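Visitor: output the structure for:
(one chain, ligands or ions: 1)
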Amino acid sequence: MTDLSVQDWKSKAAALKFRNQCFIDGAFCDALSGQKFETVNPATSEVLTDVARGGGEDIDRAVASARRAFASGAWSARTPEQRKQVLLRLAGLIRENIPEFALLDTLDMGKPIKDSSTIDAPGAAHFFQWHGEAIDKLYDEIAPTGGRDLALVRRVPLGVIGAVVPWNFPLDMATWKLAPALATGNSVVLKPAEQSPLSALFLAELACEAGLPDGVLNVVPGYGEDAGQALGRHADVDCLVFTGSTSVGKLFQRYAGESNMKQVWLETGGKSPNIIFPDADLDAAADMAAFGIFFNQGEVCSANSRMLVHETIKDQMTERMKSRAEAIVPGDPLDPASTLGAMVDRSHTDKVMRFIESGKQSSRLVTGGERITLNGSDAFVTPTIFDNVQSDHQIVREEVFGPVLTIQTFTTDDQAVAMANDTVYGLAASVWTSDLSRALGVSDALNAGTVSVNTVDALSAMTPFGGMKQSGFGRDLSIHSFDKYTALKTTWIKY
Ligand code: NAD
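Guide: Numbering: from 1, shown residues only. Next comes the predicted model:
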């Protein structure tokens, strides 16, 4: 894959087949309304295809299909070992189609093909494989009641899961929900983001090819306010899992409260701090900090958007970050040499530029801050750094979701922790120091679901990922992700 040229990728893109209908009960179908919406390549402004615009009635059909499939036992009653085999076949099919998946996400949302083909698509295969392999190694429990009682405590699937996901890692965010939900025997209705529906539709087709029975996985593309809301309010959905913004996450809590009190699990926004102490390896810290904020155009929930540096190393770190930022130039996402692609669409680019303008008013622009046009699209933003930033500035408090870093200084360890925790979010944090005791002490004091020491954004299928405070609750990935998709059921037997 790494030896493909930009021309090779363009030829493959031209030959790509788009699945652009709803996928319900094992087959592609139009939205009942007949409506469609355009999905656009943000790197060229070209329309890729018209996609079925699913609405409430399509969600009804998809939920009914998921319920029938669940009740039939065709999947839910299979043994964990049998479900594992299907998920492993799916992982294999994803691996066979890595270029197609990589292209679908790159064309749909602008990320560099280098990342989608080496990180996102292989990652999806790995996550299905990991959850598939884990599911037949989980044991249930017998409670220590003693006497002539046997109390079995077993995990059982919940039933119908609604999953609503964002556009920044279209395939992987869907996979993080689907792999544990399916492994545990549930049926799913997935609503991908309207900006990036294509890879989820291809995934559903391959899941059936891998042996998933019809109706177990349904995908309804459409807008959040109608298809997303209909899923959130559906009376026959047992659990709604969501990844996206904090404001929409709060809506799902409301939808559940106003409908059937379904379980809601939220993975939402972030404003993650990256604390650099003077005893750190400053070059390594700068390299990883640049990756942490500029990877995926900064459209990463756990992006290290707030750098907190000790006052004695502020100038050195600012200089290092400036040189790293200026070495990253936005480019054609289909060019394997590009490390920064297009923002997901024009309106998001407008929003990021508004944050940058507000930063220019309140702080010092160290570098970047420009919107540039490439190949007929102005959805490209240069890596941007601000310093002389105050804690109450908008660019410090709000999630920009773009390649924008702020640099602030601290004097004491306690002050660093207080500044890091001074946010409504609590998704991730990083600490750079060569002092183990300081690393652990600061890590203990940070309100974040994941703290990375001497690295940024550490992540694995083996470790739980999720937030504290308004970054959400519940955990994706790892054995713990199964908790969201199962209920503990007790059966007492007297003998
Ligand atoms: P978003 O909240 O706008 O949309 C996410 C999903 O919700 C989409 O499918 C959208 O169609 C749907 N939606 C939007 N409005 C809705 C409504 N009124 N009712 C029902 N559904 C609705 O988020 P986005 O712009 O797609 O993604 C960016 C956000 O996702 C950022 O805040 C980012 O931090 C967050 N995110 C979080 C994680 C995590 O694991 N914590 C991972 C990736 C992204």
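Visitor: okay, CA-based contacts and neighbour counts for the rest of this
Guide: Noted.
Visitor: what distance separates the start and the end of stretch 390-397?
Guide: 10 Å (Cα to Cα, to the nearest Å).
Visitor: return the residues of the chain in contact with the ligand.
Guide: 164-167, 191-194, 223-225, 228-229, 243-246, 248, 267-270, 301, 466, 471 (Cα under 6 Å from any ligand atom).
Visitor: okay, helices next: where are they in the stretch 51-200 of the chain?
Guide: Assigned by DSSP state H, counting those that start in this stretch, the helices in the stretch 51-200 of the chain fall at 56-72, 80-96, 98-109, 113-115, 121-135, 170-183, 198-209.
Visitor: got those helices as JSON lines, with mean pLDDT columns?
Guide: Shown next, in JSON lines, are those (pLDDT from 0 to 100):
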{"stretch": "helix 56-72", "mean pLDDT": "99"}
{"stretch": "helix 80-96", "mean pLDDT": "99"}
{"stretch": "helix 98-109", "mean pLDDT": "98"}
{"stretch": "helix 113-115", "mean pLDDT": "98"}
{"stretch": "helix 121-135", "mean pLDDT": "98"}
{"stretch": "helix 170-183", "mean pLDDT": "98"}
{"stretch": "helix 198-209", "mean pLDDT": "98"}
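Visitor: make a markdown table from those helices and add mean neighbour count to it.
Guide: Shown next, in a markdown table, are the helices of the stretch 51-200 of the chain (neighbours: other Cα atoms under 10 Å):
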| stretch | mean neighbour count |
| --- | --- |
| helix 56-72 | 22 |
| helix 80-96 | 20 |
| helix 98-109 | 26 |
| helix 113-115 | 25 |
| helix 121-135 | 23 |
| helix 170-183 | 26 |
| helix 198-209 | 22 |
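Visitor: tell me which of those helices sits nearest to E319.
Guide: Minimum separation from E319 across these (Cα to Cα) falls at helix 113-115, 26.8 Å.
Visitor: who's in contact with that closest one?
Guide: T2, A102, L103, T106, P333, L334, D335, P336, A337, S338, T339 (Cα atoms under 8 Å, 6 or more residues apart in numbering).
Visitor: buried among the residues you listed? Make that a ChimeraX selection.
Guide: This is the ChimeraX syntax for the buried subset of the contacts of helix 113-115, where burial follows 16 or more other Cα atoms under 10 Å:
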select :102,103,106,333,334,335,336,338,339
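Visitor: in stretch 340-350, what's buried?
Guide: So, applying 16+ other Cα under 10 Å, buried residues of stretch 340-350: L340, G341, A342, M343, V344, D345, R346, T349.
Visitor: can you pull up the most central residue in this structure?
Guide: M173 (4.0 Å; Cα atoms, centre = their mean).
Visitor: can you list the weak-confidence ranges in the stretch 251-400 of the chain?
Guide: Regions of the stretch 251-400 of the chain meeting the criterion pLDDT under 70 are absent.
Visitor: off-centre distance for stretch 120-140?
Guide: Distance, stretch centre to chain centre, for stretch 120-140: 17 Å (Cα atoms, centre = their mean, to the nearest Å).
Visitor: what's that stretch in contact with?
Guide: Contacts of stretch 120-140 (Cα under 8 Å, 6+ apart): 80-81, 83-85, 87-88, 90-92, 94-95, 98, 101-102, 152-155, 169, 171-172, 175-176, 179-180, 183-184, 461, 477-479.
Visitor: can I assume W9 sits in a strand?
Guide: No. Counting by DSSP: H, G, I helix; E, B strand; the rest coil, W9 is not found in a strand; it is helix.
Visitor: can you pull the contacts of it?
Guide: Per Cα under 8 Å, 6+ apart, neighbours of W9: L103, L334, D335.
Visitor: and which of the residues you listed is nearest the ligand?
Guide: L103 (19.1 Å; Cα to the nearest ligand atom).
Visitor: and that closest one, how far is that from A121?
Guide: Counting by Cα to Cα, the gap from L103 to A121 is 10 Å.
Visitor: need the overlap of contacts for these two.
Guide: What both L103 and A121 touch, as defined by Cα under 8 Å, 6+ apart, is an empty set.
Visitor: the nearest residue to E100 once chain neighbours are set aside: neighbouring residues, count only.
Guide: Among residues not flanking E100 along the chain, L16 sits closest, at 7.2 Å (Cα to Cα, 6 or more residues apart in numbering). Neighbours of L16 under the rule other Cα atoms under 10 Å: 13.
Visitor: next, L16: phi, psi?
Guide: L16 adopts backbone torsions of phi -70, psi 140, taken as degrees, to the nearest 10.
Visitor: surely it is in contact with F101?
Guide: No. L16 is beyond contact range of F101, at 10.1 Å (criterion: Cα atoms under 8 Å).
Visitor: can you tell me the closest non-neighbouring residue to L340?
Guide: Nearest to L340 is P330, by Cα to Cα, 6+ apart, at 4.7 Å.
Visitor: no wait, T373
Guide: F380 (6.5 Å).
Visitor: before we move on, what about F252?
Guide: Spatial nearest neighbour of F252, chain neighbours left out: G232 (5.9 Å); criterion: Cα to Cα, 6+ apart.
Visitor: what lies in contact with the helix or strand that contains the one you found?
Guide: Assigned by DSSP states H and E, G232 belongs to helix 229-233. With Cα under 8 Å, 6+ apart as the contact definition, helix 229-233 has outside contacts at G55, G56, I59, G162, V237, L240, F252, Y255, A256, E258, S259, N260.
Visitor: need the pLDDT of the closest residue in space to P99 that isn't next to it in sequence.
Guide: In this structure, P99 finds its nearest non-sequential neighbour in S117, 6.3 Å apart by Cα to Cα, 6+ apart. For S117, the pLDDT comes out at 98.
Visitor: confirm for me that S117 is in contact with N97.
Guide: No. Contact criterion Cα under 8 Å: S117 and N97 do not qualify, at 10.0 Å.
Visitor: who has more neighbours, these two?
Guide: More neighbours surround S117 than the other of S117 and N97, with 22 against 15 (other Cα under 10 Å).
Visitor: ok, now which ones touch that one?
Guide: Per Cα under 8 Å, 6+ apart, neighbours of S117: M1, I98, P99, F101, A102, L103.
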